[in-house]
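S.K.: Fold the following, please.
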Amino acid sequence: MKLLFIGNSFSQDAGKHLYSLCRAGGVNAEILNFWIPGCSFQMHAECIEGNLTKYLIQYNGKDYDGTLHSVLDHGLTYRDWDYVSIQQVSGYSGLYETFHPYCDVLVNRIREACPNSKILIHRTWAYEHTSTHNAFPTYDSDTAKMAEAIGAAYTQLCEDISAEAIIPVGEVIEILRAMPEFDVRQGGQSLHRDGYHLSYGYGRYAAAAVWYQALGLGDISENSFFPDTAGECDERLYRIIRDTVAKHVKPINRK
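M.R.: Sure, this is the predicted structure:
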């Protein structure tokens, strides 16, 4: 399985542990993430049109030196990708009016460079209720309102560009945050490290587990990998995440 993420720090979060899950599940995988912090569809379009050397690289979960930057075409043509994932920057993810025409530039370039690849929509997550992100007031600082807007926007995008599928990371994060173990209002463990990025252990694992299950790479409930992350090492919580993903996420080839 060969997967290219084109995104921002949220794709960095989602891609961190996916390769390790693949290894533990006996899956031959190659996962490349071309990302720019805070990158919107508009910025991706500007990088394509200007052939700008701005992309940072995460390869099989390893983040490379921040001084190493690349143009997007280097990522697109690096392999004959099975899948290419796209996403909007988090603050605009529920504002569909910010998607076009910029995502069209990105999608057209993907289809030109990777005609055999299937385009996937990475449905990102709403911010935690205590988040101080400057985009949160756009959604009245309401996590549920933001999550609903993101779901609607990405559903519309998937239809408009005829994408293969939506990978429901944000949906699963909402399900987990409603559980006592991860409901911070009830003293549960946060899935975030700063109110919007995912935590290095539980949060990033949840995102990777959704990708693993959604791509049909194996039964996540039988995968033995858990991150060895300082401060987030409760195997019981990892098992809850794993079982929740197994229950709620269907492989995209079994729609």
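S.K.: Residue 4 should be in a strand, yeah?
M.R.: Yes. Assigned with DSSP: H, G, I helix; E, B strand; the rest coil, residue 4 falls within a strand.
S.K.: From what I see, it and residue 35 are in contact.
M.R.: No. Counting by Cβ atoms under 8 Å, residue 4 stays clear of residue 35, with 10.8 Å between them. Bear in mind the C-beta positions are built from the backbone N, C-alpha and C, glycine included.
S.K.: Neighbour count for the two, which is higher?
M.R.: residue 4 (27 against 24; other Cβ atoms under 10 Å).
S.K.: What is the end-to-end distance of stretch 91-100?
M.R.: Taking Cα to Cα, to the nearest Å, stretch 91-100 runs 15 Å from one end to the other.
S.K.: ok, residues contacting that stretch?
M.R.: 40-42, 87-88, 124, 126, 133-136, 138-139, 146, 148-150, 152-154, 156-157, 160 (Cβ atoms under 8 Å, 6 or more residues apart in numbering).
S.K.: which of the residues in it are buried?
M.R.: 91, 92, 93, 94, 95, 96, 98, 99 (16 or more other Cβ atoms under 10 Å).
S.K.: could you show me where the helices are in the stretch 51-200 of the chain, in order?
M.R.: 72-76, 102-113, 143-161, 169-177 (DSSP state H, counting those that start in this stretch).
S.K.: Check the ones you listed for me and report the most buried one.
M.R.: Comparing the helices of the stretch 51-200 of the chain by mean neighbour count (mean count of other Cβ atoms under 10 Å), helix 169-177 ranks first with a mean of 23.
S.K.: could you say what helices and strands that helix packs with?
M.R.: In this structure, helix 169-177 makes packing contacts with helix 143-161, helix 202-214, helix 235-248, judged by 3 or more Cβ pairs under 8 Å, 6 or more residues apart in numbering; DSSP states H and E.
S.K.: Tell me the strands beside the worst-scoring helix or strand of the chain on mean pLDDT, with direction?
M.R.: Lowest by mean pLDDT, DSSP states H and E among the helices and strands of the chain is strand 62-63, with a mean of 92. Taking DSSP bridges as the criterion, strand 62-63 forms sheet pairs with strand 56-59 (antiparallel).
S.K.: Name the residues of the strand it pairs with that are buried.
M.R.: 56, 57, 58.
S.K.: now swap in stretch 240-255 and tell me
M.R.: Under 16+ other Cβ under 10 Å, the buried positions of stretch 240-255 are 240, 241, 242, 244, 245, 249, 252.
S.K.: Many thanks, I have nothing further to ask.
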